[in-house]
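Student: build me a model:
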Amino acid sequence: MNDVSDEIAHNLRIIQARMQAACRRCGRDPHQVKLLAVSKTQPAAVVQAAVAAGQLFFGENRVLEARDKQDALPALGATMQWHLIGPLQRNKARMAAGLFQMIHSVDSLALAEALASHHDGASSLPVLMQVNIGREAQKRGVMAEEATALARSMALLPGIALCGLMAIPPQTATAEAARPYFQALAALARQIDAQAIAGITMRELSMGMSHDFEVAIEEGATWVRVGSALFGERLAAPGDLPSTNKGDNHV
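Tutor: Presented below is the predicted three-dimensional model:
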């Protein structure tokens with residue numbers, strides 16, 4: 001495990017340096033951008049090694065897998081955050097509301113209502129609206145023209161706090177080719193923010209993965225979701241099924 005721990009620590013330093021360089025290029029404060037380590041299909045021991053290296057934010061695709069990792073790492077609970085970045089079924093909303101510090105993948109009013117009804121924390125659960133920024137039939141997410149109306153409806157729900165947008169752009173041959181999608185998501189966030197809808201903010205943009213996170217930072221990302229660049233190739237989980245969020249294979 002020492003070799004794995006050393007590799008993760010090394011990769012983390014490289015990613016952090018790349019993030020800081022991207023911030024310098026566009027005149028942003030590096031503290032405005034957070035690294036979400038995509039730990040889906042990685043064992044709990046690997047997550048523990050990443051925490052030891054200084055990583056505190058982790059993104060999971062599946063509720064049950066995240067629950068099992070949290071159960072395996074109870075001593076780390078006070079020092080780290082778990083975020084859900086994968087699709088969420090309404091029948092798992094109660095469990096998700098209790099496990100995650102942020103949900104990045106809210107894509108319907110029905111799901112938002114389910115989360116709101118099950119969250120019983122002292123403060124509202126932060127959530128992001130997933131936008132199908134590339135208008136791809138195989139991907140989840142609301143279309144851009146529907147986002148403002150959904151934001152208005154979510155603003156009325158107690159228990160959750162809409163604080164930004166998330167998107168998984170189409171796969172592109174180069175990082176630069178993804179820039180228009182990041183620009184479009186940032187522009188949509190500004191449009192919604194300009195409506196001054198009470199109870200919501202657009203301060204968070206979850207966009208950018210291992211192959212294009214630097215471009216995403218240049219276009220305003222506040223969360224970048226990085227898996228393979230940190231952990232290497234993902235380990236296949238038993239019974240793993242293809243994700244409905246196609247294009248997340250480059251996290």
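Student: all strands of the stretch 1-150 of the chain, in order?
Tutor: Ranges of strands in the stretch 1-150 of the chain, per DSSP state E, counting those that start in this stretch, are 34-38, 57-60, 81-84, 102-106, 125-130.
Student: the longest one pairs with which strands, and in what direction?
Tutor: Right, the one you point to is strand 125-130. Taking DSSP bridges as the criterion, strand 125-130 pairs within the sheet with strand 102-106 (parallel), strand 160-166 (parallel).
Student: just put the strands of the stretch 1-150 of the chain in TSV and tack on mean neighbour count, mean pLDDT and distance to Gln70.
Tutor: For the C-beta atoms, the positions are set from N, CA and C on the backbone; glycine is no exception. Formatted as TSV, the strands of the stretch 1-150 of the chain follow (neighbours: other C-beta atoms under 10 Å; pLDDT from 0 to 100; distance: least, C-beta to C-beta, whole Å):
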stretch	mean neighbour count	mean pLDDT	distance to Gln70
strand 34-38	24	98	15
strand 57-60	24	98	9
strand 81-84	22	97	7
strand 102-106	25	98	15
strand 125-130	25	98	16
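Student: could I get those strands as TSV with distance to Gln48?
Tutor: Below are the strands of the stretch 1-150 of the chain laid out as TSV (distance: least, C-beta to C-beta, whole Å):
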stretch	distance to Gln48
strand 34-38	12
strand 57-60	11
strand 81-84	13
strand 102-106	21
strand 125-130	25
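Student: among those strands, which comes closest to Ala173?
Tutor: With C-beta to C-beta as the measure, strand 34-38 is the member of these nearest Ala173 (21.4 Å).
Student: which strands and helices sit next to that closest one?
Tutor: Applying 3 or more C-beta pairs under 8 Å, 6 or more residues apart in numbering; DSSP states H and E, one finds that strand 34-38 contacts helix 2-26, strand 57-60, strand 223-226, helix 228-231.
Student: sheet partners, orientation included, of it?
Tutor: Strand 34-38 has its sheet partners listed here by DSSP bridges as strand 57-60 (parallel), strand 223-226 (parallel).
Student: quick one, which of these is nearest to Met209?
Tutor: Comparison of the strands paired with strand 34-38 against Met209 by C-beta to C-beta identifies strand 223-226 as nearest, at 5.4 Å.
Student: return the distance of that closest one from the chain's centre.
Tutor: Distance of strand 223-226 from the chain centroid (C-alpha atoms, centre = their mean, to the nearest Å) equals 6 Å.
Student: tell me the average confidence for it?
Tutor: Strand 223-226 shows a mean pLDDT of 98 in the predicted model.
Student: who touches that strand?
Tutor: Here strand 223-226 makes contact (C-beta atoms under 8 Å, 6 or more residues apart in numbering) with 15, 19, 33-38, 57, 59, 83, 85, 104, 166, 204-210, 213, 216-217, 251.
Student: low-confidence ranges in the protein?
Tutor: Where the chain drops to pLDDT under 70, the residues are 1, 234-251.
Student: redo the strands paired with strand 125-130 as TSV? Include distance to Ala229.
Tutor: Listed next are those as TSV, based on distance: least, C-beta to C-beta, whole Å:
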stretch	distance to Ala229
strand 102-106	19
strand 160-166	19
